[in-house]
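K.L.:
compute the structure for the input listed below.
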Amino acid sequence: MSFRKAIFWLHLVAGVLAGIIILIMSMTGVMLAYERQITRLADGVQVQQTGSGRLPLSDLVKTVRTAEPEDIPSSIIVRSDPSAPVAFSFGREKTVFVNPYNGEALGNGGEKTRAFFQWTVTLHRWLGAEGEKRPVGKAITGAANLIFLFIVVSGVYLWFPRKWSAASLKAITLFKSGLRGKARDWNWHNVIGFWCALPLFFVVSTAVVISYPWANNLLSRLTGNEPPPPRAPAAPRGGSTGKGERSTPKEPSWQYLDATFQQASQHVDDWKMITVRIPAGTGPFSFTVDRGNGARPDLRTQLNFTPSGELSGIERYSDYNLGRKLRLWVRWVHTGEAGGIIGQTIAAIASAGAVVLVWTGLMLTWRRFFGRNKRGEEVDSTKSAGAVQSMQ
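P.N.:
As a prediction, the model looks like this:
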């Protein structure tokens, strides 16, 4: 067996083994492509600026604690846009909006839209698994990502024709009308694979980094840096006590919230968004000051404070080593958000292309093993026989 044929069979087997999982992740990837923009439109919450100016954050906290006495927010998002409300997030499950000028609670925005995207994320990352079953779902999607990366790379190798000519190049880079059956599937598989190969490589390779700690650490090692130590598990914010009762959440110390926020907002003059990470209990607050849309790590500055409200450290993108810089970009390259709306669109098209690649790949495999006696299929295939033969 030649090396090319061996790669072909590995490519085929990999596609059959992971095809359905890749199909699910690709479809949900398309659905999540514009999550940020759709969610903000669904929230539809705007406020009218008043002459009295913004209220202190501590006053807005009182509003939220009154509206949600059993839960403590995990973060606060303040935008420089005067028409934007302050958003109090309770994980990914819930968001409460508050008018920064009069302290009025404005509701939860597009709850159904957020719930839909949360369900889609769960399907995308863990195949819909919840609770203790999530590690199993994560292991399956992680393996599928690794297999998909091999499929993309091997597909590029198989795409190259043995003999270069205008006809063979046209057959594998341009859609051809009038094809049916195997010839149509082969044409679509090759053309979409050609145009989507590069963006899919970035989408899938970053997914592998997200899926596996060793792949994450590899970015540091490849740049000559030591991998960072594992993150400590987040402190609990309250929940089930194991006896059917709900434990009491630990109340943060809000005493220094206003002073620390003031320091953070003055540190970067042209900020567009400040995210306050709320500790579980009496731990310190941390602030992410963002001069972009939230998807550009190079436009963010991290400010950390002690529990007593003193500035303990400033982390700038320029201070990080190359390995950490690359890791910070991984999540945003995966979704395309690093490139703005254009990047998101490219990632969405690539994900949609992956859906077609999986379908046509499975159909070609089915016809290879179960469609040989269908004479009509063989006749259709002759319409692109020269191109097909160049790949076999």
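
K.L.:
which element is Pro69 on?
P.N.:
With secondary structure defined by DSSP states H and E, Pro69 is part of neither a helix nor a strand.

K.L.:
just give the number of residues close to it.
P.N.:
9 (other CB atoms under 10 Å). Where you see a C-beta, it was placed from the backbone N, CA and C, and this is true even at glycine.

K.L.:
list phi and psi for it.
P.N.:
Backbone torsions of Pro69, given as degrees, to the nearest 10, read phi -70, psi -20.

K.L.:
helices along the stretch 151-300 of the chain, start to end?
P.N.:
With helices called from DSSP state H, counting those that start in this stretch, the stretch 151-300 of the chain shows them at 166-171, 181-211, 213-222, 257-267.

K.L.:
out of those, flag the one nearest Ser89.
P.N.:
Ranking the helices of the stretch 151-300 of the chain by proximity to Ser89 (CB to CB) places helix 257-267 first, at 15.5 Å.

K.L.:
so which bits of the closest one are buried?
P.N.:
The neighbour-count check on helix 257-267 (16 or more other CB atoms under 10 Å) flags 257-258, 260-261, 263-265 as buried.

K.L.:
now these in TSV, with distance to Ala143 and pLDDT?
P.N.:
Formatted as TSV, those follow (distance: CB to CB, whole Å; pLDDT from 0 to 100):
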residue	distance to Ala143	pLDDT
Leu257	44	92
Asp258	48	93
Thr260	43	93
Phe261	43	94
Gln263	46	93
Ala264	41	93
Ser265	45	92
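
K.L.:
output the helices of the stretch 151-300 of the chain as a markdown table; include the columns distance to Arg331.
P.N.:
Output for the helices of the stretch 151-300 of the chain, formatted as a markdown table (distance: least, CB to CB, whole Å):
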| stretch | distance to Arg331 |
| --- | --- |
| helix 166-171 | 36 |
| helix 181-211 | 7 |
| helix 213-222 | 11 |
| helix 257-267 | 23 |
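
K.L.:
any idea which of those helices is most buried?
P.N.:
Highest mean neighbour count of these: helix 181-211, a mean of 21 (counted as mean count of other CB atoms under 10 Å).

K.L.:
for that helix, packing partners?
P.N.:
Here helix 181-211 touches helix 134-159, helix 213-222, helix 322-335, helix 340-370, helix 375-381, helix 385-391, going by 3 or more CB pairs under 8 Å, 6 or more residues apart in numbering; DSSP states H and E.

K.L.:
buried ones in stretch 112-125, by neighbour count?
P.N.:
For stretch 112-125, a neighbour-count test (16+ other CB under 10 Å) marks 113-114, 116-117, 120, 122-125 as buried.

K.L.:
quick one: Ser83 is in a helix?
P.N.:
No. Per DSSP: H, G, I helix; E, B strand; the rest coil, Ser83 lies outside any helix segment and is coil.

K.L.:
against Glu93, how distant is it?
P.N.:
In this view, Ser83 and Glu93 are 26 Å apart by CB to CB, to the nearest Å.

K.L.:
from what I can see Gly107 touches Val45, true?
P.N.:
Yes. The pair Gly107 / Val45 is scored as a contact, 7.4 Å apart, by CB atoms under 8 Å.

K.L.:
can you check which residues contact both of those two?
P.N.:
Residues within reach of Gly107 and of Val45 at once, by CB atoms under 8 Å, 6 or more residues apart in numbering, are Phe97.

K.L.:
looking at those two, which one has more neighbours?
P.N.:
Taking neighbours as other CB under 10 Å, Gly107 and Val45 compare with Val45 leading, 19 against 15.

K.L.:
tell me the secondary structure for that one?
P.N.:
On the basis of three-state DSSP, Val45 is classed as coil.

K.L.:
any stretches of the protein with poor pLDDT?
P.N.:
Applying pLDDT under 70 to the chain picks out residues 232-249, 372-392.

K.L.:
if we can go back for a sec, what is the nearest of the buried residues of helix 257-267 to Pro199?
P.N.:
Nearest to Pro199 out of the buried residues of helix 257-267 is Ala264 (CB to CB; 35.8 Å).

K.L.:
pretty sure that closest one contacts Ser286?
P.N.:
No. Checked against CB under 8 Å, the pair Ala264 and Ser286 is beyond contact range at 9.2 Å.

K.L.:
okay, and the common contacts of these two?
P.N.:
Both Ala264 and Ser286 are contacted by Leu303, under the criterion CB under 8 Å, 6+ apart.

K.L.:
what about the residue lying closest to Asn216 once chain neighbours are set aside, distance to Gly103?
P.N.:
For Asn216, ignoring the flanking residues on the chain, the nearest one in space by CB to CB, 6 or more residues apart in numbering is Val209 at 5.3 Å. The gap separating Val209 from Gly103 is 42 Å, by CB to CB.
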